[in-house]
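Q: Sequence first, predicted model second:
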Amino acid sequence: MTKMRTVDAATAILEKEGATEAFGLPGAAINPFYSAMREHGGIRHTLARHVEGASHMADGYSRAKDGNIGICVGTSGPAGTDMITGLYAAWADSIPMLCITGQAPVAKLHKEDFQAVDIETIAKPVTKMAMTILEPGQVPGAFQKAFQLMRSGRPGPVLLDLPFDVQMAEIEFDIDTYEPLAVEKPKASRKQLEKALDMLTAAQHPLIVAGGGIINAGASAQLVELAELLNVPVIPTLMGWGAIADDHPLMAGMVGLQTSHRYGNETMLAADFVIGIGNRWANRHTGGLDTYTAGRTFVHIDIEPTQIGRVFSPDLGIASDAGAALDGLVELARERQSAGSLPDYSGWVAECAKRKGSLQRKTHFENIPIKPQRVYEEMNRSFGQDTTYVSTIGLSQIAGAQLLHVFGPRKWINAGQAGPLGWTGPAALGVVRGKPDETVVALSGDYDFQFMIEELAVGAQFNLPYIHVVVNNSYLGLIRQSQRGFKMEQNVSLAFENINSPETNGYGVDHIKVAEGLGCKALRVEDPNDLPAAFDTAKALMGEFNVPVVVEVILEKITNISMGTEINAVTEFEDLAEHGEDAPTAIIALLD
């Protein structure tokens, strides 16, 4: 056996568990761990400007590719509390992420020592495990358990808190005899899946709702194969978007109150059977449950048993990893296809395709200031199918989900349930770390962009290039729209006359100067016809300078984006597409 500090054992474990990408801020209480990372040499560290930003970077890195686990590092006091929003965002969307905090010495924990806080108790509600490790000999086992928990069942984040003296203590440890613990995931039985398939094939108008659990399981290919074997349309959730490409004939659109397609909602209302796989029936997807469930039979497959029946009781619930369930369903579908016992759903598929080719929103507006719909039309033209989009919350995200196109899993990376403002920028940096050779495009409103704008300097310092499209209407747009019901616009304007930048024309913050001051490139667009050239310039600047490039688009200040309170009562505030030229980048061209 070899005697070493606990932190040296911890870094060796990180390497063996395949988690070697860290984001954080050093501090006195976590310096031993930083010294271990330096000595080890195999853990790459990206220095953030804010610890919340570091947590979102680790989150974005975890979401970027199958199997990734990002690490966030800081002290236990203000750094640990800054991590809580990042932990919440990861926990809410079932994302594995490891936070490591440096704590005051064990003997000082009850003495109100400088920057000592009970981070274990604070973090427990938004983690799968939060533990202050009080005994040096527990460190290897705590890390071993952390990785098992992050990967088992419904994935999620873990926080490990290391008192300073525990970090410095020496223990006997042999990395060669360390083995990761077995990952535990429930698996549907053949009998359960036969029942689910029986129920599906008894229906006339079945749908598959594909949730984020399919992407977490790396099972998008199995989903597409199942849909093709059965010839059944697929409705992805916001977290499952990309599990089936938008241009696939069986992709029937998204459903919901906000991030949805007109044709997706109409198809859901026409369905008589729904099998949800790896989804949680989020309220922005379902709207009112009476409307959503009326006249439809439901099967729900989810990795977390207590998730089944949480929102409404399905006709059949199955606790299973999405990948395992899809493997089993594909096997059964193949058997029934060979036996010639699968129904013919070609008529139903044709109905769904007709809706997709007709129920479209208008995107082609020539207005100045620019209407947001035109921005997404030009983004569809300018960015290829290999693009990964990153976004969080606001009218920008909602309109983007309605109008952008996604062509594969993990190409729409989105803080879906928590939706913290400021998530987009740092998360995009984490995604670039995870996808260094791919095109990453972030999408923010001006308020989301301003929340953690300092993290642009991280992209400049570490050469993490991506394009950040900022749609600027100098408003808290989503909140302004939600306040319409209260007949007010209270505390939602970001506009002011900038004495240093009169060229902003009363829109307030000069994002161009700020971005350039942080070491990035930036440009402003005020005419919709200039958008294609701006995006081309941004790509060229990103390639030349290897830094983030901001494209700020000046929008009309008052914009209302389609949304409602029920999936059959979504309000359309703008004219709808009537001719092909109204929605020129639609997946299926609108027939005049």
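A: Received it, and whenever you're ready, just let me know what you need. Just so it is clear, the model here is predicted, and its values are computed rather than measured. Numbering: from 1, shown residues only.
Q: I'd like to know which elements the top helix by length along the chain is packed against.
A: The helix that spans the most residues within the chain, counting by DSSP state H, is helix 322-339. In terms of contacts (3 or more CB pairs under 8 Å, 6 or more residues apart in numbering; DSSP states H and E), helix 322-339 is packed against helix 190-201, helix 212-216, helix 220-230, strand 273-277, strand 297-302. Using the backbone N, CA and C atoms, a C-beta is placed for each residue, glycine as well.
Q: same thing but at 6 Å, please
A: helix 190-201, helix 220-230 (3 or more CB pairs under 6 Å, 6 or more residues apart in numbering; DSSP states H and E).
Q: what's the weakest-modelled helix or strand in this protein?
A: helix 477-482 (a mean of 82; mean pLDDT, DSSP states H and E).
Q: Buried residues, the helix or strand that that one is followed by. List them.
A: Later in the chain than helix 477-482, the nearest helix or strand by DSSP states H and E is helix 511-517. Judged by neighbour count using 16 or more other CB atoms under 10 Å, the buried positions of helix 511-517 are 511-512, 514-515.
Q: can you check stretch 116-128 too?
A: Applying 16+ other CB under 10 Å to stretch 116-128 flags 116-120, 122-123, 126-128 as buried.
Q: send the alpha carbons of it over as PDB?
A: The C-alpha trace of stretch 116-128 is given here as PDB (Å, rounded to 0.1, in the frame of the first residue of the first chain):
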ATOM      1  CA  ALA A 116     -17.200  28.000   7.300                       C
ATOM      2  CA  VAL A 117     -20.800  27.000   6.600                       C
ATOM      3  CA  ASP A 118     -22.900  23.800   6.800                       C
ATOM      4  CA  ILE A 119     -22.800  23.300   3.000                       C
ATOM      5  CA  GLU A 120     -23.900  19.700   3.400                       C
ATOM      6  CA  THR A 121     -27.300  20.700   4.900                       C
ATOM      7  CA  ILE A 122     -27.700  23.500   2.400                       C
ATOM      8  CA  ALA A 123     -27.000  21.300  -0.600                       C
ATOM      9  CA  LYS A 124     -28.900  18.200   0.400                       C
ATOM     10  CA  PRO A 125     -32.300  19.200  -1.200                       C
ATOM     11  CA  VAL A 126     -30.700  19.700  -4.600                       C
ATOM     12  CA  THR A 127     -28.300  16.700  -4.700                       C
ATOM     13  CA  LYS A 128     -28.300  13.000  -4.700                       C
END
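Q: Show me what the next helix-or-strand element following the longest helix of the chain is in contact with.
A: Moving toward the C-terminus from helix 322-339, the next helix or strand (DSSP H and E) is helix 346-356. Contact with helix 346-356 is made by 205, 231, 233, 252, 263, 266-267, 588, as judged by CB atoms under 6 Å, 6 or more residues apart in numbering.
Q: Buried residues, the next helix or strand after helix 346-356. List them.
A: Counting by DSSP H and E, the next helix or strand C-terminal to helix 346-356 is helix 372-382. Buried residues in helix 372-382, counted by 16+ other CB under 10 Å: 372-380, 382.
Q: May I have helix 372-382 as PDB, with CA atoms only?
A: Provided in PDB are the C-alpha atoms of helix 372-382 (Å, rounded to 0.1, in the frame of the first residue of the first chain):
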ATOM      1  CA  PRO A 372     -37.400  37.900 -33.200                       C
ATOM      2  CA  GLN A 373     -38.900  35.400 -35.500                       C
ATOM      3  CA  ARG A 374     -36.700  36.600 -38.300                       C
ATOM      4  CA  VAL A 375     -33.600  36.000 -36.200                       C
ATOM      5  CA  TYR A 376     -34.400  32.300 -35.900                       C
ATOM      6  CA  GLU A 377     -35.200  32.000 -39.600                       C
ATOM      7  CA  GLU A 378     -31.700  33.400 -40.400                       C
ATOM      8  CA  MET A 379     -30.100  31.200 -37.800                       C
ATOM      9  CA  ASN A 380     -31.700  28.200 -39.500                       C
ATOM     10  CA  ARG A 381     -30.100  29.300 -42.700                       C
ATOM     11  CA  SER A 382     -26.700  30.200 -41.300                       C
END
